[in-house]
Every structure is written in C-alpha cells, then in structure tokens.
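Undergrad: The sequence isn't on hand, but the structure is:
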C-alpha cells in the first residue's frame, strides 16, 4: 500500500516529490524518504514520521537536482528500523542507484537466501533490497538490461522506480495490481505517482496509466519517456484500492474511486430493499465509509447523517502495525454525536471488516451513546484470506470472517444485523469490464510469474 513518486526534468524535483508524497500520506505513515540526483551524485533523506515532519526546508535544500524519487512507507515486509525506510540506495559497478517500491514480492525469501549463499550482505529486512542485489550482481553493460533480468527473478505485485545518476526507470508488474499513473508537469518535466490525487497538488496533467508489464525510461531532454513492454499484460488491478486504500478523488485505471464507492453503497441499499427493518438514518464510519453511505442514502431515501465525528489529526487505523495501536487510534479518532443518535435506529456503513475489533468498538460506542439499534453494513465482501500482494493481513487467524460465519461476526461485534456485498456485487460496482485481484475475498492467488 506504500506511495511512490518520481519527478523527472524539473529543477524543483525534490519539493514537488514531497508535495506528491504529502497528498498520498494515507498510503503510509511509518516513514518517508526522497532521493534526488544532481551532477551525477544521488542525495537521500529519509526518516520515520510524516512527510511534513521529515521534509523541512533544510532537507529540501539538501535534495538538489532536477530528478527525484520518493516513498511513504506502510510495512508489509521488513521491520520498523530506519534502515527499512525507502528509497534504498547503493553504489555498484555502474555508479549510484536508488529504488522505491510499492507492493510485495512473494518469492522474496528464496531469492534472498540464494543471494546470501552467493555472498550478498543485506542491510535491511525489505524485499526491495533484493532488486538492488540482483541488479548489482548482473554483468550487463546497461542498467536497463540489468533491470530486465532482475525482474525475471521477481514474482509478486510491484511498482518500482529506479533512479540512476541521470535516468529514471519506472516498472509496473504484468498484472498491474498496484496503481501507477504518468503525468506531465505544467512547470516542466514528468511525474509518475501511485495515485492521480498527487497531480492536482503539483499542477500536473494526467497523461495515462503505466501499463501492466511496462517499463518507462526517462532520459535527459526527452520529450516523451521511452516505453518497453517487458511482460505480456494480464491486467488485474487490486479491488481493495477501490474499497479502502486509494483517496476518493483519485482515478485508478480509468475508474473514479469516489464513484465506485458510491456504487457500492447503492448496491447495499438494493440488497436491503426488501428488509422489514426501519432505519432512522444512514451513518458512515468516517472517512472511508462516507461515499458508500451517501450512495446508500441516495438509493434508499433514508436520511444521511454524520452520527460519528472523526478527529482528522489521527491517522488511519488499519495501517497501524500493532493491534494495541489500532485500538488506541479508534478511541482517539471516532466520537458519537449523542444528541443526534439517541433513541434512533442506525444503519452504519463501513468499507470493510478485517479483524472485527474496530467494528465491535464502533457498535459499542454508538449503543453507549444511546442508539436504540445499530445495523452494520459493509461495502465489500467478507475478507477470508490473507493477502500476499501488499495488504497487511498475513495470517488467517487475524481475519474474523475466516474463523466465524456472518451470524457469528454479527454477534461478536454486537450489531443488530450485518450484511456484506458479495464478490459479484463488488465487481459490478467497480465495473465488470475487467478481472480484479480479489484474493482477500476468494483466495485466488493468481500471481505465478
């Protein structure tokens, strides 16, 4: 779920990269970093914390040059050491190199063990470092050829940006699981970023999505990046980007995230249309549940109300690394509107139920505040399987729907009723014109090469 950005051909590259990362802070809050390149030398600044905390004026003055890559960290591989922050920098035969990565390499362990057997020394716990070693150990004369051969040993969901002293290489895996878009800066040069919401802040015009299996190469004075199709495309974008990850104002592979979430809410309302339960209001779990709740209210005619208020100075709870921190964040983040909900029957909409603990706290909070009934609706299917492609749900025992039936989950969270979207409902809400990565819902681990 990390955010990555690349700026090429602009004298304010590092500053623009920091602004893009700021707009994508929702994709990672543990650490952030930028590498810039100037006169054949790469400069790197990275640290734990938020973008606004790490990239001070002094830091941005240090990051000189007209090209830069950046990263916001959400850990699915590695630890919380500062060494596991990105970009990953190294010196090798062809010079200096820096890499940022969004995704997860499912064969990282076997590749790392093979590299260690051949003498490689790793500095981090990140799967991203595998690519550095594969590139460095290759004997090809050109970096592009080294990258190509390194990717032939790389299996998983990934978007990479590789920066040398004067070039940038942008790669998206053959399935296009994680999003990546290309834009043109009005002040000159190009931008590549995980989400299009970054383009508005840096005044860039959307050009197109990076194609699945494609490598773009930016070189000095290029009017357009060179495009090479490395792998045959089998496009299957991650459905969870539309459910939760992406910012609502982003467009992911041609689909507006806000509208897809609104469609999910409309579909929930249609499924509820024969219900005998009378709801007084539709209440979203802010912020990711808001578009679906608006869609539900519009379809059903039931009033939409902000029965839960969010403290926006608290980050996203799902991407906190420990359950204790997630529980604390819920208490800090959400507060009930007591005078509004007292004595009322609430239809509460959230984007998903992963572990169930957050939903349970929300239902209890609303009932403690005087709600007569709390009916829970979820704008996604039941999450029954761990994801190995970049979502932090690695163990089945963490997933409540893997261990309980729908009725048991309803009883556990103490809701008066509970309904989910089906997988078919979800895909039709996003758009039935393509296949999607749905492994969290159906256990289809289709990435094999």
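TA: Great, that's in hand. A quick note: this is a predicted structure, and the numbers were derived from the prediction, not measured.

Undergrad: So in that sheet, which strands flank the strand ranked longest in the chain, and in what orientation?
TA: What stands out as the longest strand in the chain, according to DSSP state E, is strand 95-105. Sheet pairing of strand 95-105 (DSSP bridges) gives strand 88-92 (antiparallel), strand 156-163 (antiparallel).

Undergrad: quick one, which of these is packed in tightest?
TA: Greatest average neighbour count among those goes to strand 156-163 (a mean of 26), per mean count of other CB atoms under 10 Å. Every residue, glycine included, has its C-beta placed from N, CA and C.

Undergrad: So what touches the helix or strand following that one?
TA: Downstream of strand 156-163, the next assigned helix or strand under DSSP states H and E is strand 168-172. With contact meaning CB atoms under 8 Å, 6 or more residues apart in numbering, strand 168-172 is reached by 6, 8, 67, 69, 143-144, 147, 151, 158-163, 178, 180, 182, 192, 210-218, 225, 230.

Undergrad: Of these, select the buried ones using a PyMOL command.
TA: Of the contacts of strand 168-172, the buried ones go into a single PyMOL selection, burial set by 16 or more other CB atoms under 10 Å:
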select buried, resi 6+8+67+69+143+147+151+158+159+160+161+162+163+178+180+182+192+210+211+212+213+214+215+216+217+218+225+230
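
Undergrad: From the contacts of strand 168-172, which land in helices?
TA: 143, 144, 147, 151 (DSSP state H).

Undergrad: For the helix or strand containing residue 206, list every residue counted as buried.
TA: Per DSSP H and E, residue 206 falls inside strand 204-209. Neighbour counts over strand 204-209 (16+ other CB under 10 Å) mark 204, 207, 209 as buried.

Undergrad: Near the residue nearest to residue 397 when sequence neighbours are not counted, how many other residues are there?
TA: Nearest residue to residue 397, sequence neighbours excluded (CB to CB, 6 or more residues apart in numbering): residue 403, at 6.9 Å. If you count neighbours by other CB atoms under 10 Å, residue 403 ends up with 14.

Undergrad: What are the phi and psi values at residue 403?
TA: Here the main-chain torsion angles of residue 403 (degrees, to the nearest 10) amount to phi -110, psi -10.

Undergrad: ok, it touching residue 409?
TA: No - with contact defined as CB atoms under 8 Å, residue 403 does not reach residue 409; the gap is 9.1 Å.

Undergrad: that older thread, quickly note the distance from the residue nearest to residue 397 to residue 423.
TA: From residue 403 across to residue 423, the span is 19 Å (CB to CB, to the nearest Å).

Undergrad: Can you tell me which helix or strand of this protein has the lowest average pLDDT?
TA: Sorting the helices and strands of the chain by mean pLDDT, DSSP states H and E puts helix 323-333 at the bottom, at a mean of 66.

Undergrad: now the stretch 201-350 of the chain, which segments are flagged as low pLDDT?
TA: Residue ranges of the stretch 201-350 of the chain with pLDDT under 70: 315-331.

Undergrad: can you give me the strands in the stretch 301-449 of the chain?
TA: For the stretch 301-449 of the chain, applying DSSP state E, counting those that start in this stretch gives strands covering 308-310, 334-336, 345-350, 373-378, 417-420.

Undergrad: ok, now which ones touch residue 134?
TA: By CB under 8 Å, 6+ apart, the contact list for residue 134 reads 111, 115, 146, 149, 150, 153, 154.

Undergrad: what do you get if the cut-off is 10 Å, keeping everything else the same?
TA: 111, 114, 115, 120, 146, 147, 149, 150, 151, 152, 153, 154 (CB atoms under 10 Å, 6 or more residues apart in numbering).

Undergrad: now residue 16
TA: Applying CB under 10 Å, 6+ apart to residue 16 gives the contacts 5, 7, 10, 68, 70, 185, 187, 189, 191, 198, 201-204.

Undergrad: How confident was the prediction at residue 449?
TA: Each residue has a pLDDT score; the one for residue 449 is 63.

Undergrad: Residue 6 against residue 185, yeah?
TA: No - between residue 6 and residue 185 there is no contact under CB atoms under 10 Å: 11.5 Å.

Undergrad: about what we covered before: just the buried members of the contacts of residue 16?
TA: By 16+ other CB under 10 Å, the contacts of residue 16 give 5, 7, 10, 68, 70, 185, 189, 191, 198, 202, 204 as buried.

Undergrad: export those residues to TSV and tack on distance to residue 446?
TA: Below are the buried ones among the contacts of residue 16 laid out as TSV (distance: CB to CB, whole Å):
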residue	distance to residue 446
5	28
7	33
10	38
68	34
70	30
185	36
189	36
191	30
198	29
202	34
204	33
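
Undergrad: which one among those residues gets closest to residue 447?
TA: For the buried ones among the contacts of residue 16, the minimum distance to residue 447 (CB to CB) is 24.2 Å, reached by residue 5.

Undergrad: Touching, that closest one and residue 161? I think so.
TA: Yes - shown here, residue 5 and residue 161 form a contact pair, counting by CB under 10 Å, at 7.8 Å.

Undergrad: So for those two, which residues contact both of them?
TA: Among the neighbours of residue 5, those also in contact with residue 161 (CB under 10 Å, 6+ apart) are 68, 69, 70, 71, 100, 192, 193.

Undergrad: Could you give the number of residues near residue 377?
TA: With other CB under 10 Å as criterion, residue 377 counts 26.

Undergrad: May I have the beta-bridge partners of it?
TA: residue 349, residue 419.

Undergrad: so what's it up against?
TA: Residue 377 is in contact with 264-265, 268-269, 271-272, 279, 282, 289, 292-293, 296, 347-350, 415, 417-421, counting by CB under 10 Å, 6+ apart.

Undergrad: Put the buried members of those into a ChimeraX selection.
TA: To isolate the buried members of those in ChimeraX, using 16+ other CB under 10 Å:
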select :264,265,268,269,272,279,282,289,292,293,296,347,348,349,350,415,417,418,419,420,421
